[in-house]
Each structure stands twice: as C-alpha cells, then as structure tokens.
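Chemist: here is a sequence together with a model predicted from it:
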Amino acid sequence: MFTRILSLATVFVLAATLPLAAIAVRGYWRAPFSRLLRPLPVILGALVALHVPTVLAVDPPVAYSTVVSSLAVAASFAMAFEALLLLTGRRKL
Amino acid sequence: MIDPASPVGPLIGDPTPWLQIGGVQLSRYADLFQWLLQFIQTVLLLVTSLFLVYPVVRHPQNVAHGRGVGLLALGFLLLSAQWAMEFVPAPGPVAPVLGLASAVSFGAGCWEFASSFVDTAERIKLVDDEGGDSSGGFGDDDGG
C-alpha cells in the first residue's frame, strides 16, 4: 500500500516534469544544447509507464517492463553521451 | 542442477532458489536474462550520472546550466540506487522513496532548464510595470 502511494506520488511528480521538459526542449530547439535535452521527455514518459502497473496494482508482462525500462535507459545513456561530447567541448560547433 | 524430469527449469522461473550469492536469489527473477538485463541497466544508469557530472566538475566554463545538469545527474544516481535495491536486501519502502526522490530531482533539473522560457507571475508583473505604468515604483504608487 505504502509502495503504491509513493509510486503514485512519483507518477505525479514525473507527469508535472514532463511539460517542463517539453518547454525546455522547445526553448532550446535551435541551440546545440537541445541535442542533450531531446531525450528527456522520452525518459520521463518511460519512467511514468514503468510506474503505472505498480499504481494500478497489476503485474505487467515481462516484455512490457523489459521494453519500457530499456527505452528509459537507452534514452538516458544517449543524453549523457551527448552531454559528455557537448559540454567537454569534444563536439565541434 | 536442472531436473530433466521436471519441465520447470531455473530459466523459466523455478520458485526455489537455484543460485544464491549473498542475499541474491536468481529465482526471484523471471529468468537469468531478466536479472542480467536489470543489472546492466543499473550500471548504465550509474554511468549516465557520472557522464553528466564529469563536465560540470571538470569543464564548468562550458556548462551554462551547471545546477540543472547536476540535478539531472543526481536524479539518475538516485534512480540507479532505486534499481540497485533489487539486488540487495533492503527494507520495503527504501526503493520507492529513492524513486520519488529521483523524480523530484528530475523535476528541479527540468525547471532549471525551462524557467528561462516560463513567464512566472513576478516576471509578468515586472514586464507590465516597465511597459504600461509610467509612474513606476513597486506597487506603492496607488497608496495615496
């Protein structure tokens, strides 16, 4: 029960963060910095999707968790790799 | 280790532990693949947060939103900690609390990036003061 409440709170926070991420991506769209921000909405959406089965107290199919968590991790890694290239100056602008 | 008479092997979810390393029981997972995948994902999330922290620490002159990137890195660190709770024996609420903390950290980080493009009430008030109200001041002009 406690886990479900915390999961629900997490979903609310992530859902509130999603429009902020969209605004940031839109705002920096023409700047090189946007390459770093573009995966953010994908990450947040995947994390929300990971929490939804816990909130609804259903057991998702293994394939669902596998695909969604892989999506979240792949997008996170893409973002961090871009940050490493861009912010250390290795990517020429 | 696999009983050929039984169709239930460790790789398709035998309920009894078939390999135990410390507190880790592989039978808790649907199969070995799931366990390995989650382990790799946890490590990748940890690497993600390190990749984000590195430029902030070593090349701060390149990073315009140091606090935002740092908060995102903290979020990924907490997220990897939450996912790592699958592998260590931890009290029930620890993992969801870590998840909530990482969500809050993501939210704060995204706010750092988005705030330049959001007109908050104070900024709208300041813009209005500059534009329309010639008497100036900070709201004390109608006080008599």
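Modeler: Yes, it's here.

Chemist: and the helix or strand of chain A with the lowest mean pLDDT, what does it pack onto?
Modeler: Ranked by mean pLDDT, DSSP states H and E, the weakest helix or strand in chain A is helix A:34-37, scoring a mean of 89. For helix A:34-37, the contact count by 3 or more CB pairs under 8 Å, 6 or more residues apart in numbering or on different chains; DSSP states H and E identifies helix A:2-27, helix A:62-87 as packing neighbours. The way it works is simple: take the backbone N, C-alpha and C, and place the C-beta from them, glycine included.

Chemist: the first one and chain B in contact?
Modeler: Yes. In terms of CB under 8 Å from any CB of the partner chain, part of helix A:2-27 sits within range of chain B, namely A:2-3, A:6-7, A:9-10, A:13-14, A:16-17, A:20-21, A:23-24, A:26-27.

Chemist: that older thread, turn the helices and strands packed on helix A:34-37 into JSON lines, columns for distance to B:F51 and mean pLDDT.
Modeler: Formatted as JSON lines, the helices and strands packed on helix A:34-37 follow (distance: least, CB to CB, whole Å; pLDDT from 0 to 100):
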{"stretch": "helix A:2-27", "distance to B:F51": "18", "mean pLDDT": "92"}
{"stretch": "helix A:62-87", "distance to B:F51": "4", "mean pLDDT": "91"}
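
Chemist: dump these to TSV, plus distance to B:F106 and mean neighbour count.
Modeler: Supplementary listing: those in TSV, determined by distance: least, CB to CB, whole Å; neighbours: other CB atoms under 10 Å in any protein chain shown:
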stretch	distance to B:F106	mean neighbour count
helix A:2-27	5	19
helix A:62-87	11	19
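
Chemist: now these in a markdown table, please, with extra columns for distance to B:A64.
Modeler: Compiled in a markdown table, the helices and strands packed on helix A:34-37 are given as follows (distance: least, CB to CB, whole Å):
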| stretch | distance to B:A64 |
| --- | --- |
| helix A:2-27 | 12 |
| helix A:62-87 | 9 |
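
Chemist: quick one, what contacts B:G99?
Modeler: By CB atoms under 8 Å, 6 or more residues apart in numbering or on different chains, the residues touching B:G99 are A:L6, A:S7, A:T10, A:H51, B:L78, B:L79, B:Q82.

Chemist: of all those residues, which comes closest to A:T88?
Modeler: Distance to A:T88 across those (CB to CB) is lowest for B:L79, with 23.0 Å.

Chemist: what helices or strands is the longest helix anywhere in chain B leaning on?
Modeler: Using DSSP state H, we find that the single longest helix of chain B is helix B:32-58. Contacts defined by 3+ CB pairs under 8 Å, 6+ apart place helix B:32-58 against helix A:62-87, helix B:66-84.

Chemist: which one of these lies nearest to A:G45?
Modeler: The closest of the helices and strands packed on helix B:32-58 to A:G45 is helix A:62-87. By CB to CB, the value is 8.6 Å.

Chemist: got the angle for the closest one vs helix B:32-58?
Modeler: Put simply, helix A:62-87 runs at 20 degrees to helix B:32-58, going by axes from the mean of the first three to the mean of the last three CA atoms, to 10 degrees.

Chemist: close to chain A: what parts of chain B are there?
Modeler: Selection of chain B residues close to chain A by CB under 8 Å from any CB yields B:30, B:34, B:37-38, B:41, B:44-45, B:47-49, B:51-52, B:54-56, B:58-59, B:62-64, B:69, B:76, B:79, B:92-93, B:96-97, B:99-100, B:103-104, B:106-107, B:110-111, B:113-114, B:116-118.
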